[in-house]
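Peer 1: Return atomic coordinates for the entry below.
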Amino acid sequence: MNISLFCPRYLHAGGGSVLYTRRVAEELVKRGHVVTVVTDRPLESPKYPESAPAGATLRLLERDPRPEHAARRRLSLGNRRGFYRIARRLFASGKQQLLAAGPWCPELTEARHFRDTDVFILVNSGSTAFGEALRHALAWRSGKIRAAIPLFHPKEEFAAFPHHDVVHLQVDWVGTLSDYERAFLIARGWPEEVIDTLGAGSDACPAPAPDFRARHGIPADAPLVLFLGRKIFNKGLPHVLAAMDTLWDQRPDARLVIMGFSHNPPEWLDGYLAQSRHPARERVVNLDDVPEAERESALAACDLLAAPSVSDSFGIVYLDAWRHAKPVIACRDTCCETIIADGRTGLLVPFGDVPAIAAAITSLVNNPDHARALGAAGREEWLAHHQWSQVTDRLEAGLKKIAEAKKIPWH
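Peer 2: Residues are numbered from 1 along each chain as shown. Predicted coordinates:
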């Protein structure tokens, strides 16, 4: 089949949507499909440059920033919270009255650009204008397969905006990353029969950089807790920092490694470190964006991954830890609840519950046999269900189901 994956900002950000698009595209190519990744052309040098997936074509659409800029000028959008609040009102009727979230790519609505495409898949529909333009482009293409992989963060406000219903209820099939996300959409009234759970995958990466502990001054026998993810409140970083005080009461030699993109100035993290009753700055290794080899090195060196986040559609970092047979701490009442078996493949805690997070961290440090058992079970779960080839099997099955229903030949 000729498949086009539409991923807004593919060249702008190195988050989960880019990884998901790239790996699914590469797996589809292996199966003989002709794959094109369609995205918007950066207005500036991309922060996370990405090449086309192996064997696929990368197609850049010209981005028209004027609607977004006009919206910001008219509404005096000074901060993100204000932007979301106003955007929610704009979309309350289910119609996009003002394009307030780019990119807007006029080429999306031109039929000549996608005449040969058999399957349209919108990945990461959080971009309002991109999704809305694609909705208009797909509205009349009844002889094509129209699908979406929303990558919603169900616990975040933006996932509940009504305009998503307008975009996605016109596609033939929706793939979610977890049963939790699927239940979230069904509760909103999306048809259950066209929603399937795909899951996500994690790859064995190149050899880790050697001697992580030695390079960062961490004693070989010191407990090492790893936080991996964007350094924002919703990822649970402040709560992990506060919980470390309990571990430091028992093990002053313990270390916390924080690794990921920082959305905030240094003062944001310094404020939380200053609240510790221990010399936290001496016991925290703070690393921003790092090469894959360094990331793998941290995963190999740590004793556990503590990432009690509510800002995820899946949380591939948990799979990354499982690859290294490391135990994980995540949040209950999130997508993790349907991925991680509490007490068997990891530990689940309420979001923001510092005592519970502290108890989970100290229990894993003080009971290494239990920690190893959780890590080993997690690795088995990764091997059994979370390979990218298995994710693509489920994707193809969903698309074939729609092709059969629409009497479209699958080839």
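Peer 1: In stretch 293-309, which residues are buried?
Peer 2: 294-309 (16 or more other CB atoms under 10 Å). For the C-beta atoms, the positions are set from N, CA and C on the backbone; glycine is no exception.
Peer 1: meant to ask about stretch 260-269, not that
Peer 2: 260, 262, 269.
Peer 1: again with stretch 15-27
Peer 2: Within stretch 15-27, judged by 16+ other CB under 10 Å, the buried ones are 16-27.
Peer 1: who's in contact with it?
Peer 2: For stretch 15-27, the external contacting residues (CB atoms under 8 Å, 6 or more residues apart in numbering) are 5, 7, 9-10, 35, 37, 48, 50, 53-56, 123-124, 149, 151, 200-201, 203, 313-314, 316, 388-389, 391-392, 395.
Peer 1: Just the ones in strands from the residues you listed, please.
Peer 2: Using DSSP state E, 5, 35, 37, 123, 149 are the members of those that sit in strands.
Peer 1: burial of the second one, as a residue count?
Peer 2: The burial count assigned to Val35 is 24, neighbours taken as other CB atoms under 10 Å.
Peer 1: So what's the residue count around the residue lying closest to it once chain neighbours are set aside?
Peer 2: Distance criterion CB to CB, 6 or more residues apart in numbering; nearest residue to Val35, sequence neighbours excluded, is Ala56 at 4.1 Å. For Ala56, the count of nearby residues is 22 (other CB under 10 Å).
Peer 1: tell me the contacts of Ala56?
Peer 2: 25-26, 28-29, 35-37.
Peer 1: Please identify the helix or strand for the residue lying closest to Asp353 once chain neighbours are set aside.
Peer 2: Leaving aside its chain neighbours, Asp353 sits nearest to His239 (7.5 Å; criterion: CB to CB, 6+ apart). According to DSSP states H and E, His239 maps onto helix 237-250.
Peer 1: which of the residues in that helix are buried?
Peer 2: So for helix 237-250, counting by 16+ other CB under 10 Å, buried means 237-244, 246-248.
Peer 1: Please apply the same query to stretch 201-211.
Peer 2: 201-202, 208-209.
Peer 1: Contacts only, for His216.
Peer 2: Contacts of His216 (CB under 8 Å, 6+ apart): 255, 257, 285.
Peer 1: where does the second one land in three-state SS?
Peer 2: Spelled out, it's Val257. strand (DSSP: H, G, I helix; E, B strand; the rest coil).
Peer 1: Looks to me like Val290 is in a helix.
Peer 2: No - assessed with three-state DSSP, Val290 is coil; it does not lie in a helix.
Peer 1: Show me the beta-bridge partners of the closest residue to it other than its chain neighbours.
Peer 2: Nearest-residue entry for Val290: Met259, 6.2 Å, with adjacent residues in sequence omitted and distances by CB to CB, 6+ apart. Met259 has the following beta-bridge partners by DSSP bridges: Leu228, Leu287.
Peer 1: Now rank the contacts of His216 by neighbours and give me the top one.
Peer 2: Neighbour-wise, the contacts of His216 (other CB under 10 Å) top out at Arg255, 25 neighbours.
Peer 1: residues contacting Gly398?
Peer 2: Counting by CB under 8 Å, 6+ apart, Gly398 has contacts 147, 173, 175, 196, 198.
Peer 1: repeat that for 7 Å
Peer 2: Going by CB atoms under 7 Å, 6 or more residues apart in numbering, Gly398 touches 173, 175, 196.
Peer 1: Wasn't it part of a strand?
Peer 2: No - counting by three-state DSSP, Gly398 is not part of a strand but helix.
Peer 1: Tell me the pLDDT of it.
Peer 2: For Gly398, the pLDDT comes out at 96.
Peer 1: The nearest residue to it once chain neighbours are set aside and Gln387, how far apart?
Peer 2: Nearest residue to Gly398, sequence neighbours excluded (CB to CB, 6+ apart): Asp196, at 4.6 Å. To Gln387, Asp196 is 17 Å away according to CB to CB, to the nearest Å.
Peer 1: For the contacts of Gly398, which single residue is the most surrounded?
Peer 2: Most surrounded of the contacts of Gly398: other CB under 10 Å gives Gly175, at 25 neighbours.
Peer 1: List the beta-bridge partners for that one.
Peer 2: Where Gly175 sits in a bridge, its partners, by DSSP bridges, are Asp196.
Peer 1: do Phe6 as well
Peer 2: Val38, Leu122.
Peer 1: Let me see the contact set for it.
Peer 2: 38, 120-123, 134.
Peer 1: and of those residues, the nearest to His278?
Peer 2: Val123 (43.1 Å; CB to CB).
Peer 1: residue contacts, that closest one?
Peer 2: Counting by CB under 7 Å, 6+ apart, Val123 has contacts 5-7, 17, 20-21, 149, 151.
Peer 1: Fine, thanks again, bye for now.
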